[in-house]
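Undergrad: Kindly return the folded structure for what I paste below:
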Amino acid sequence: MAFTERFTRTTGESLYELWHSDCHRRCRSQLIGHVTLACQFDPYKVTRRTLSKRDVNSTIAHLISDIEQTNSPFLARSAAASFLNKQSGRLSSLHKIHKRGIMDECCYTKSCSWEEYAEFCHSHNRRPAYRDTQCYP
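TA: Predicted structure coming up:
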């Protein structure tokens, strides 16, 4: 049975069991395919709520009212910090610690569960998984 079919037919507790115990060792193009499937069917995926124009306007109006109340041309520190992205607080790429990649983990070293493949998804945020994987070298 194809992986896509297995994921679409499995639900609830059975899906989580499959997600943490179905192990595969994949390399190169097969690895990319597995990560793509894991990202698509990830049961821990967090979907983002997009801000409506009304929400954005409300936030901006709140910030402007704060400026008017203080009679200062500058934003409060907390208001200014809200415009910074999450990346700005991290170390630059020159100072990052080198981590082992997915090829080391799921191709050379051991087989990986779907959960471990999904950890390499960069297209969405994920809730933490509180189960242990059942894949061993």
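Undergrad: From now on I want contacts and neighbour counts done on CA atoms only, so please keep to that.
TA: Will do.
Undergrad: If you rank every helix and strand of this protein by mean pLDDT, what lands last?
TA: In the chain, no helix or strand scores lower on mean pLDDT, DSSP states H and E than helix 53-70, which sits at a mean of 64.
Undergrad: surely Val35 meets Phe120?
TA: Yes: counting by C-alpha atoms under 8 Å, Phe120 is a contact partner of Val35 at 7.0 Å.
Undergrad: The two: who's more crowded?
TA: Higher neighbour count among Val35 and Phe120: Val35, with 20 against 14, using other C-alpha atoms under 10 Å.
Undergrad: Show the average pLDDT along the helix or strand hosting Gln30.
TA: In this structure, Gln30 sits in helix 28-41 according to DSSP states H and E. In this model, helix 28-41 has a mean pLDDT of 91.
Undergrad: Could I get the buried residue list for it?
TA: Going by neighbour count (16 or more other C-alpha atoms under 10 Å), the buried part of helix 28-41 is 31, 34-41.
Undergrad: Gln134: which of these is nearest?
TA: Ala38 (16.4 Å; C-alpha to C-alpha).
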